[in-house]
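1. Just need the structure, nothing else, for what follows:
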Amino acid sequence: MLTLHTKIAHADVIAARLVLPYELREKCRLRAALDTGEEVAVFTVRGTVLRDGDLLTGEDRRVVRVVAAPEPTYKVTCADAHALLRCAFHLGNRHTQAQVGEGFLRIRADAVLREMLAGLGATVAEEMAAFEPESGAYGGGHGHHHDHGPLAPVPLRQKIHRPGDPQ
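-> The predicted structure follows:
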């Protein structure tokens with residue numbers, strides 16, 4: 001079985017594609033099949049999220065391209081930017097992963113969230129689409145081809161302090 005464990009920036013030859021939904025691309029250990037049918041084991045550093053277009057390799061030096069699989073999502077649009085911002089706020093308030101696009105949000109299909117968004121005046125359309133949510137404010141940049149730059153590190157004042165910690 002091919003084992004993939006290292007992300008690389010460039011390769012001249014791509015041996016196969018590893019097509020995965022987001023839920024599996026955020027796992028650090030997984031068993032899957034390439035588009036060629038060959039089984040692979042993926043071992044990445046905890047916290048690694050595989051993004052569409054990432055390249056992985058292992059001991060045998062073959063390179064595999066990660067492809068975001070189409071999955072059930074909702075594309076959220078609104079009549080104006082303010083309404084879309086309100087939707088983004090309410091999704092964030094529920095700790096919902098969201099992909100931010102030009103004039104739209106994309107979330108995983110969820111009937112309760114669909115009802116909430118419709119109540120906020122959004123148009124919610126079902127789509128089979130690749131899901132590439134934001135990585136989070138302190139999780140670093142996207143790390144894929146249309147990276148929007150690094151995000152700020154966690155300020156010291158936001159360090160979590162527990163009652164038993166020394167002052």
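
2. so what secondary structure elements neighbour the helix ranked longest in the chain?
-> Looking only at the chain and at elements set by DSSP state H, the helix with the highest residue count is helix 81-93. The contact analysis (3 or more Cβ pairs under 8 Å, 6 or more residues apart in numbering; DSSP states H and E) places helix 81-93 against strand 70-77, strand 104-108, helix 111-119. The way it works is simple: take the backbone N, C-alpha and C, and place the C-beta from them, glycine included.

3. need these in a markdown table with mean neighbour count, distance to Asp52 and mean pLDDT, can you?
-> Converted to a markdown table, the helices and strands packed on helix 81-93 look like this (neighbours: other Cβ atoms under 10 Å; distance: least, Cβ to Cβ, whole Å; pLDDT from 0 to 100):
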| stretch | mean neighbour count | distance to Asp52 | mean pLDDT |
| --- | --- | --- | --- |
| strand 70-77 | 18 | 11 | 98 |
| strand 104-108 | 20 | 13 | 98 |
| helix 111-119 | 14 | 23 | 97 |
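
4. can you redo the ones you listed as JSON lines with distance to Leu91?
-> Putting the helices and strands packed on helix 81-93 into JSON lines (distance: least, Cβ to Cβ, whole Å) gives the following:
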{"stretch": "strand 70-77", "distance to Leu91": "8"}
{"stretch": "strand 104-108", "distance to Leu91": "6"}
{"stretch": "helix 111-119", "distance to Leu91": "7"}
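
5. Noted, bye for now.
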